[in-house]
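> Provided below for reference: sequence and predicted model.
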Amino acid sequence: MTKLLEVREISKYYVHKDGWMPGKRICALEPLSFDLERGETLAIMGETGSGKSTIAKIIAGAERPSSGELFLNGQALSAMTDQQRCRYVRMIFQDSLRSLNPQITVGQQLTEPLIFNTDWTPEKQKQHVYETLSKVGLLPDHYGFYPHMLSSGQQQRVCIARAIVLEPQIVMADEAFVALDPSIRAQIINLILDLQQDMGISFIFVSHSAEIVKHVSDKILIMHRGSMIEFGTTQALINHPEEQLTKTLLHSEHNYKVPLHSTTKE
C-alpha cells in the first residue's frame, strides 16, 4: 500500500474570552502524528470531548490546525486550493437530513459539486450523478426526489453519494451512522465496505461502536482529553491494548452488534 495521508504534529488551541478578562488559551488537541495508507480505514475512538471530532474537522478542512501540517500524496494540504481539497477529501455528516438542503432535489445536490469542480457538460454531469446513485443502491428516479421524500436509510445513501461523487481519495465519517436503525446501519456499513473495495477510497471513521470499528478498520487511534494515547493496527489494539481506556472502548458490553457481510476486514 502507498502512504496517502501524513499527519505531522498537528494541534488545536482556542482562546476563550470571559468578559473583559484576557482570553484563556485552551488546548483542544495536543500535537499528534500518524499516517494513513491508500485503501486503509482508520477508526478514531475516545470519550466525548477527547478531540476525535477536532481531528476529523482538521483533515476535512473545516478547521485549521494551530500548528503542524498534513500531507496528501506528499503535498501539503495547506498549499492546495479549497477546490483541490474538496475533490480529494470529502465528509459524511452525522445528521443526514439536516446536512441535506430540503429545498432542492437529490439530483441538484449531487450536481452542485460537479458544477464547481469539473468542466463537464450538463449531460455528462447528469449521467455521472445517475451512476453515483446506482453505486449507493438508489434509482435514477431518486434524482428528482426531495430529501423529505426519502427514508432515513435513503437519506444517508444520498449523503454517501454526495461524498463520493467527485471520486475522492479520503472520506471522513464523523459518527455518521449512530442515528440509524441497526438493520439499516448494517446495510450502510456494508455499502461503505463495497465502495472502498470498488473505488479504492480510504475511510476515516469517528465512532463509539467497538463492533463497527472491529469489522471495518485497519488501524485505530485512541484519544483522551485531547491527546493520542494509543495508535496501532486493529488486531494489535484488540488483542494487546496497552491502555485501560483502549480496553474499555474496544470491549464495552454496551456497543451494539452489527451483522456485516463477508467483505468485512480480517
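Received it, and whenever you're ready, just let me know what you need. Numbers count the residues shown, from 1 in each chain.

> buried set for the helix ranked longest in the chain?
As assigned by DSSP state H, the longest helix anywhere in the chain is helix 182-199. Buried residues in helix 182-199, counted by 16 or more other Cβ atoms under 10 Å: 184-193, 195-196. All C-beta atoms are positioned from the backbone trio N, CA, C, and that covers glycine.

> Distance across stretch 100-111, terminal residue to terminal residue?
End-to-end distance for stretch 100-111: 13 Å, by Cα to Cα, to the nearest Å.

> quick one: buried residues of it?
Buried, per 16+ other Cβ under 10 Å, within stretch 100-111: 100, 105-107, 109-111.

> who are the neighbours of the helix or strand harbouring residue 57, in terms of helices and strands?
Using DSSP states H and E, residue 57 maps to helix 52-60. Packing contacts for helix 52-60, counted by 3 or more Cβ pairs under 8 Å, 6 or more residues apart in numbering; DSSP states H and E, involve strand 3-16, strand 24-37, strand 41-46, strand 89-92, strand 170-174, strand 202-206, strand 219-224.

> Please export the C-alpha coordinates of it as PDB.
The C-alpha trace of helix 52-60 is given here as PDB (Å, rounded to 0.1, in the frame of the first residue of the first chain):
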ATOM      1  CA  LYS A  52     -11.600  13.000  17.900                       C
ATOM      2  CA  SER A  53     -14.000  15.200  16.000                       C
ATOM      3  CA  THR A  54     -11.400  18.000  16.000                       C
ATOM      4  CA  ILE A  55      -9.000  15.700  14.100                       C
ATOM      5  CA  ALA A  56     -11.800  14.900  11.600                       C
ATOM      6  CA  LYS A  57     -12.600  18.600  11.000                       C
ATOM      7  CA  ILE A  58      -8.900  19.500  10.500                       C
ATOM      8  CA  ILE A  59      -8.400  16.700   8.000                       C
ATOM      9  CA  ALA A  60     -11.600  17.700   6.200                       C
END
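
> Between strand 202-206 and that helix, find me the angle.
For helix 52-60 against strand 202-206, the angle by axes from the mean of the first three to the mean of the last three Cα atoms, to 10 degrees is 150 degrees.

> Need the mean per-residue confidence for stretch 204-222.
Averaged over stretch 204-222, pLDDT sits at 91.

> Endpoints of that stretch, how far apart?
13 Å.
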